[in-house]
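Asker: Have a look; sequence and predicted model below, questions after that.
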Amino acid sequence: MEYNFSELEKKWQNYWATNKTFAAKDGGNKPKYYVLDMFPYPSGAGLHVGHPLGYIASDIMARYKRHKGFNVLHPMGYDSFGLPAEQYAIQTGQHPKITTEQNITRYRQQMDKIGFSFDWDREVRTSDPEYYKWTQWIFIQIFNSWYNKTADKAEHVSTLIKAFESNGNANVDAVCDEDVKPFSANDWKAYSEKEQSDILMKYRLAYLGEAYVNWCPALGTVLANDEVKDGVSERGGHPVERKLMKQWSMRITAYAQRLLDGLETIDWTESLKESQRYWIGRSEGTSLKFKISPFDSAQGDKFIEVFTTRPDTVFGVSFVTLAPEHELVNIITAEEQREAVNRYVEIAKNRSERERQAEVDKVSGVFTGSYVLHPFTGKQIPIWVGDYVLAGYGTGAVMAVPAHDERDYKFAKHFNLPLPQVIEPPANVTLSGVEAWTEKEGTLINSDFLNGLDVKAAIKKAIEEIEKQNLGKGKTNYRLRDAVFGRQRYWGEPIPIYYKDGVPYALNESELPLVLPEVDKYLPTEDGEPPLARAASSWKHEGKYDYEHSTMPGWAGSSWYFLRYMDAHNEKEFVNKKLADYWQQVDLYIGGSEHATGHLLYVRFWTKFLKDLGYINIDEPAKKLINQGMIQGLSAYINRLSGINFDNTPKDFLNKIHELNHPVFFVSKNKLEQIKNSDNLSFIKEAYLKYNPGVDFGAIQFCYQATENKGFAKIPIDISKVNSDDSIDIKNFDNILKISNAPNLYNEFILEENNKFFLTREVEKMSKSKYNVVTPDDIVEKFGADTLRLYEMFLGPLEQSKPWNTNGITGVSGFLKKLWRLFYNNNTAVNLSGVEGCMVTETEPTKAELKTLHKTIKKITEDIERFSFNTSVSNFMICVNELTDLKCNKRAILEPLLILISPYAPHITEELWQQLGHTESIAFEPFPMCNESYLVDDAFNYPISFNGKMRFQIELPTTLTVPEIEKEVMSREEVIKQLAGATPKKIIIVPKKIVNIVH
């Protein structure tokens, strides 16, 4: 019986689907195990071989845990709201829903072919109204909540209103806007409904307020920080600018400390946790006010307030720097500096905060022409604007201490500003004179009342004095900003808010879901309103009140989807609490590290919020998280010798040049350096003469001299056209790459000495534009799904990035064929299980066979438990090779082996399990246990050496003593023959290692 992977894989995929083999049961006596993948956005391109890497790893764990007796929940769905579908809708007019459903169909077909053990009955789609009904419901709960700092949790806004009615806001300790003014209970009762709404908005966890956002004019929407790269949109590469807009936001800052503390309770990668710690950015310090001088006294005193973690350095301040977006920039800028400041602000505000933080060596700024007064000395200090200061951190202003802060130092050196030193480093430290002393060590100097104190004492003393003189207050600050929630897009969850007389109201639960309306176009309106405004005339609450026209961000639906999988079809609540208590946290979550400060922060925020309100009893979404690495493409490039730059062509030659036939030179990889370093480029001249016989030589000469500049262009080649040795067939070149439709261009190839043409290969991200994409469909068709699964694991550790190379897959394919041959040999017809060719016997296994099996059980169990899937594949190969050498065909060995391999290669193992006579799926068979007694060696092959040279081996029991070993060795005929009558001078014996006879 032949191993026909195509037939048997389809057979078992149909079996699993028909029998719902992997449908999870809610409850029961088994321990639960919840393994989850970050669900994909279904793009039009479908999956490439990099995408299934994490899915395969999670599937191995899911299948392994079923074998270990767990009740496994392993669901899959789609993060199906997304900008690409909307952009396609803008271009074509096709509704994003249609595009999304087509893409989901494609994704499902691809995933089914790989043999994942997903519980598809629990599938979710974030764009399904029955799903986003509950996303909207959660938004309403957040809108109707405030954060009580005394209780350190969120509460329903009704408790806040009750406090206002009793005592005003005097005793309310809440996370709220900084500009909240005090009011009494009588004041509250006297306020209009609009005034009360405005006050509550300053406390709500989901609120409408002004915020700096990443505005992309080309896309007509606000982008999250993680959707902006190097000042342009990640999707499409469009310019992005910082803009102050009225936006819905979520007060995630209320959870800053709890988000930090929670990191200590979860088993996530340290690098990811460090990313979140940095993003949250807790720091201890004090606020400090600098009075602006001069200022119109009729308006009262004006201050610039800063937050600093180093108040000990206050006497070292030589300038104050404002963020370009700071509200005071326009107010305090002197007229003579206004043009320069406006120009700088315009440029700086269009750079993302990430970009500005990353470019630590780039110094830019502008003087405002105004000053502040030092709070202690009264000395005038200049005010600058610099984009290294962020509006979103602290107060958007810094007191610059260039002698003791690296970025302040670079700024001061660049603009020749003073660098007053106020800390004397310890005696054992010598500064080079070209750096700032930034350590919190040393003694204060030039600092009035702080002189002589060490840094720690000086920080405490400075805060005391600042608070005493009412210049500021000690506080804890966080870099984390509230999350902008509204998006000016069509394809997203409608925000369930309507407006009545300017007051926003949340919909009732009975009115959910608020479904996306039909629109004539998916673009913003001519007035710049979001696309939903196109339906405003008919899309109204109760037929008369405008709905909110912005939609939710992409992260909304993914911030709670792990809970919906627990109870996917519940029409009455987002999840039944009993089921949430049963499944609890995700036990293993696998996904990309690029979500560290996006999805993975927001899902933690929503989880904590839902626990605060009593809907769930878990504080973190996932116990363990693994970030899988990236499978990179192996791109192929052809090197083209750059041609003529017609911009610099003399006019006299231009017409003549256009009439010429031009050779286009393509250079083989190994000839590249040779040509770059050579002065002999006569081949260029010869080629021009070849294609232009009898033509004006002057024009030809110009052409080849211009080409001799030796610039090279790299052109990507479709990797499917590349031979296994990285060469291409130049006879088919026109089918591989079309350079130009111009009739007077001719391809010239600079070949290797063996007349071959080689390409340059580079490892980089898989991308359609680089023609380096390999799809799982192609691999499954050629080699089978089990081969794909094993090979992806075999490439290297799960967490590491690694290049894909299809050439290496044949070894894994060969391993599966070898496994098959342990069961079937076409020349044998034992027919144990009623299947011709099956040669498995009931014979008792030998010690060697048992040792191989149990050694493998031990290694595979350890490998899986530590997520070392690549070493498992190696151990499988070793095991099958050893059993092949032992000619093992024993049921007692091969059945446990199938169970061991089944999480990795489920199709072939299901088939062989059935052929052995089993009628139930292998999926729930108990995982083999290692019997350590089989691993103990009872014999050892001693290398027997004479005068240090090994001549042969003798197998002896491991229980023998040294004298017994000597006696046994010296009695052997081959030893007597080797000694030829000589008497040994010395016999060296190391038990279980060597015997050396010196004679």
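Answerer: Arrived safely.

Asker: residue boundaries of the helices in the stretch 151-300 of the chain?
Answerer: 157-167, 185-190, 193-201, 256-262, 270-280 (DSSP state H, counting those that start in this stretch).

Asker: Could you identify which of the ones you listed is most buried?
Answerer: Highest mean neighbour count among these (mean count of other CB atoms under 10 Å): helix 256-262, with a mean of 17. In short, each C-beta sits where N, CA and C put it, glycine included.

Asker: could you dump that helix to CSV, C-alpha only?
Answerer: Presented in CSV, the C-alpha positions along helix 256-262 are these (Å, rounded to 0.1, in the frame of the first residue of the first chain):
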residue,chain,number,x,y,z
ALA,A,256,-1.9,52.3,34.2
GLN,A,257,-0.6,51.0,37.6
ARG,A,258,-2.7,47.9,37.5
LEU,A,259,-1.5,47.2,33.9
LEU,A,260,2.1,47.4,35.3
ASP,A,261,1.4,45.3,38.3
GLY,A,262,-0.4,42.6,36.3
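
Asker: Could you provide the helices of the stretch 151-300 of the chain in TSV, with additional columns for mean pLDDT and distance to P375?
Answerer: Output for the helices of the stretch 151-300 of the chain, formatted as TSV (pLDDT from 0 to 100; distance: least, CB to CB, whole Å):
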stretch	mean pLDDT	distance to P375
helix 157-167	97	35
helix 185-190	97	34
helix 193-201	97	33
helix 256-262	97	28
helix 270-280	94	29
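
Asker: okay, those in a markdown table with distance to T443 next?
Answerer: Converted to a markdown table, these look like this (distance: least, CB to CB, whole Å):
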| stretch | distance to T443 |
| --- | --- |
| helix 157-167 | 49 |
| helix 185-190 | 52 |
| helix 193-201 | 49 |
| helix 256-262 | 32 |
| helix 270-280 | 31 |
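
Asker: Out of these, flag the one nearest F605.
Answerer: Comparing these by their distance to F605 (CB to CB), the top pick is helix 256-262, with 6.8 Å.

Asker: Distance from the closest one to the middle of the chain?
Answerer: Distance, stretch centre to chain centre, for helix 256-262: 21 Å (CA atoms, centre = their mean, to the nearest Å).

Asker: check contacts around the residue nearest to I495 when sequence neighbours are not counted.
Answerer: Using CB to CB, 6 or more residues apart in numbering and skipping the chain neighbours, the partner closest in space to I495 is E548 (4.3 Å). Going by CB atoms under 8 Å, 6 or more residues apart in numbering, E548 touches 248, 486, 494-499, 504.

Asker: thought D112 was touching W12?
Answerer: No - checked against CB atoms under 8 Å, the pair D112 and W12 is beyond contact range at 11.3 Å.

Asker: neighbour count winner among these two?
Answerer: W12 (22 against 17; other CB atoms under 10 Å).

Asker: from memory the more buried one sits against W913, does it?
Answerer: No - assessed by CB under 8 Å, W12 is found out of contact with W913, at 10.2 Å.

Asker: So for stretch 973-987, what gets flagged as buried?
Answerer: Of the residues in stretch 973-987, V975 count as buried by neighbour count, 16 or more other CB atoms under 10 Å.

Asker: Which residue ranges of the stretch 601-750 of the chain form helices?
Answerer: Secondary structure of the stretch 601-750 of the chain, counting by DSSP H, counting those that start in this stretch: helices at 651-659, 672-676, 682-691, 697-707, 733-736.

Asker: how many neighbours does V515 have?
Answerer: Using other CB under 10 Å, V515 has 12 neighbouring residues.

Asker: which residue ranges form the strands in the stretch 501-650 of the chain?
Answerer: Assigned by DSSP state E, counting those that start in this stretch, the strands in the stretch 501-650 of the chain fall at 503-506, 540-541, 545-546, 586-591, 622-627, 631-641.

Asker: Now render the ones you listed as a markdown table, adding mean neighbour count.
Answerer: Shown next, in a markdown table, are the strands of the stretch 501-650 of the chain (neighbours: other CB atoms under 10 Å):
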| stretch | mean neighbour count |
| --- | --- |
| strand 503-506 | 16 |
| strand 540-541 | 16 |
| strand 545-546 | 14 |
| strand 586-591 | 23 |
| strand 622-627 | 21 |
| strand 631-641 | 21 |
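
Asker: can you redo these as TSV with mean pLDDT?
Answerer: As requested, the strands of the stretch 501-650 of the chain are exported to TSV (pLDDT from 0 to 100):
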stretch	mean pLDDT
strand 503-506	97
strand 540-541	96
strand 545-546	96
strand 586-591	97
strand 622-627	97
strand 631-641	90
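
Asker: can I get those in JSON lines with distance to K858?
Answerer: Below are those laid out as JSON lines (distance: least, CB to CB, whole Å):
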{"stretch": "strand 503-506", "distance to K858": "58"}
{"stretch": "strand 540-541", "distance to K858": "65"}
{"stretch": "strand 545-546", "distance to K858": "67"}
{"stretch": "strand 586-591", "distance to K858": "22"}
{"stretch": "strand 622-627", "distance to K858": "23"}
{"stretch": "strand 631-641", "distance to K858": "29"}
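
Asker: Of all those strands, which one is nearest I730?
Answerer: strand 631-641 (10.1 Å).

Asker: between that closest one and helix 682-691, what angle do the directions make?
Answerer: Comparing the axes of strand 631-641 and helix 682-691 via axes from the mean of the first three to the mean of the last three CA atoms, to 10 degrees yields an angle of 70 degrees.

Asker: Direction included, what does strand 631-641 pair against?
Answerer: The strands beside strand 631-641 in its sheet (DSSP bridges) come out as strand 662-667 (antiparallel), strand 712-717 (antiparallel), strand 760-764 (antiparallel), strand 802-803 (parallel).

Asker: Among those, show me which one is buried the most.
Answerer: Ranked by mean neighbours (mean count of other CB under 10 Å), the strands paired with strand 631-641 are led by strand 662-667, with a mean of 22.

Asker: From the chain's centroid, how far away is that one?
Answerer: The answer for strand 662-667 is 41 Å, by CA atoms, centre = their mean.

Asker: follow-up on the earlier one: between the contacts of E548, which is nearest G554?
Answerer: G486 (12.4 Å).

Asker: Number of residues surrounding that closest one?
Answerer: Close neighbours of G486, defined as other CB under 10 Å, add up to 24.

Asker: so how many other residues sit close to L208?
Answerer: 21.

Asker: pLDDT score for it?
Answerer: Among the per-residue scores, L208 shows a pLDDT of 95.

Asker: Does it touch K246 like I think?
Answerer: Yes - using CB under 8 Å, L208 makes contact with K246 at a distance of 6.6 Å.
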